[in-house]
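In: Below are the sequence and a predicted model; questions follow.
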Amino acid sequence: MRTFRIRMAVALACCGLVVGCSSTEAQFCDRADECNILPAGLSADECTDRITQCTEDLTSSDRADWYNIMGDCLELKSCTNFANCYGNVPNC
């Protein structure tokens with residue numbers, strides 16, 4: 001739980017900056033694009049827009065859980081492991 005709080009604090013601080021920072025959704029979609037696991041025809045930007053809309057509709061506790069899962073996936077170094085994690089992320 002502490003790791004999650006630290007990640008959220010960093011993400012919130014980062015999102016307050018004007019440059020050099022991207023949202024968790026953007027990082028997740030960029031990584032999915034790099035690993036070639038986005039659905040055909042879906043760009044990283046479109047993925048980011050869809051996930052952002054989706055997470056905005058979640059309750060705050062569900063959103064926190066979702067960000068935690070996305071963060072765990074982003075920590076995985078290999079595309080194979082990331083793809084497995086990506087496939088297990090619940091739809092929102």
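Out: That came in fine, so what should we check first? Numbering: from 1, shown residues only.
In: got any ranges where the protein has weak pLDDT?
Out: Within the chain, the ranges that satisfy pLDDT under 70 run 1-21, 92.
In: Show me where it has its helices.
Out: Applying DSSP state H to the chain gives helices spanning 2-15, 24-34, 44-56, 60-74, 79-88.
In: Only the C-alpha atoms, please, for the second one, written as CSV.
Out: Yep, that's helix 24-34 we're talking about. Extracted in CSV, the C-alpha atoms of helix 24-34 (Å, rounded to 0.1, in the frame of the first residue of the first chain):
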residue,chain,number,x,y,z
THR,A,24,-0.5,6.8,-16.2
GLU,A,25,-3.0,6.1,-18.9
ALA,A,26,-0.6,7.5,-21.5
GLN,A,27,2.3,5.6,-20.1
PHE,A,28,0.2,2.4,-20.2
CYS,A,29,-0.9,2.9,-23.8
ASP,A,30,2.5,3.9,-25.0
ARG,A,31,3.9,0.7,-23.4
ALA,A,32,1.2,-1.4,-25.0
ASP,A,33,2.0,0.3,-28.4
GLU,A,34,5.7,-0.4,-27.9
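In: Packing partners of that helix?
Out: The helices and strands touching helix 24-34, judged by 3 or more Cβ pairs under 8 Å, 6 or more residues apart in numbering; DSSP states H and E, are helix 44-56, helix 60-74, helix 79-88. In this view, the C-beta of every residue, glycine as well, is placed from N, C-alpha and C.
In: I'd like to know which of these is closest to Ser23.
Out: Proximity to Ser23 (Cβ to Cβ) singles out helix 44-56 among the helices and strands packed on helix 24-34, at 7.0 Å.
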